[in-house]
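Visitor: after the sequence you'll find the predicted model.
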Amino acid sequence: MGKILILNGSPRAPKSNSKRYAEIFTRHCPDETVYQNITKRNHQELCAAMEGYTDVLFVFPLYADSLPVGLLNFLKTLEANPPASKPVISILINCGFLEYEQNEVAIRIMHFFCRRNGFTIGSVLMLGSGEAILETPFKYIAQRNIKRLAHSITNKDYRILHATMPLPKSLFRLAAQSYWTRYGKKFGTTKEQMQTMEIEGK
């Protein structure tokens, strides 16, 4: 049996969708799992802890077609302080776009890091519509693919997986517009403000 360290690289890890995805993974994973948030102050601790795991699963959202800055900073520390026994690195990434392919640049960055530093890449799950899917009737699609991810890591049958909501783009845009308008209203921000740079001052 393996032992999997789940590292949440979301900037708002304690309240993130990434945390919810990690919880689903843990429920479906036959192997022992340990969950940790990546923070500004625990980089060295997490690098040292990797020594005791067969696999590490990075769970994080897409940020501007790349990795969250906190995760990038952690990878710099990991590059300088690699464990003697390197675990297999797997990835669960989600983006707010309907198209899961938006995650591919970030995945290439992770692949490059692993090749450069001698880590083996395991399984990858790219989720589209990751901000919303768990609140819709399509949540089973995310859950099913996270279960597949968990079993692929446990069985060492590493693979690339992807999923998104089966919606036309036009309908997804309408739903997204409605969601963000209601979300902004909750915090006193109008749709017009969200369409300008005024939102930066909120």
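Guide: Looks like it came in fine.

Visitor: how is this structure divided into domains?
Guide: Annotated domains of the chain cover 3-166, 168-202 [automatic domain parsing].

Visitor: can you redo those domains as CSV with mean neighbour count and mean pLDDT?
Guide: Yep, even glycine has a C-beta here, placed from its N, CA and C like the rest. Output for the domains of the chain, formatted as CSV (neighbours: other Cβ atoms under 10 Å; pLDDT from 0 to 100):
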stretch, mean neighbour count, mean pLDDT
domain 3-166, 18, 96
domain 168-202, 11, 70
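
Visitor: how about residue 129, phi and psi?
Guide: In terms of degrees, to the nearest 10, the main-chain angles of residue 129 are phi 50, psi 30.

Visitor: surely it meets residue 98?
Guide: Yes. Residue 129 is within contact range of residue 98, at 5.3 Å (criterion: Cβ atoms under 8 Å).

Visitor: which residues sit against whatever helix or strand residue 122 lives in?
Guide: Using DSSP states H and E, residue 122 sits in strand 121-127. Contact with strand 121-127 is made by 21, 55, 88-95, 100-101, 103-104, 107, 110-111, 114, 133, 142, 145-146, 148-149, 152-153, 158-164, as judged by Cβ atoms under 8 Å, 6 or more residues apart in numbering.

Visitor: state the next helix or strand along the chain beyond that strand.
Guide: Next in sequence after strand 121-127, counting helices and strands by DSSP H and E, comes helix 139-154.

Visitor: who touches the most centrally placed residue in the chain in this structure?
Guide: Centroid-nearest residue in the chain: residue 60, 2.5 Å away (criterion: Cα atoms, centre = their mean). Listed by Cβ under 8 Å, 6+ apart, the contact set of residue 60 reads 8, 9, 10, 18, 67, 68, 71, 92, 93.
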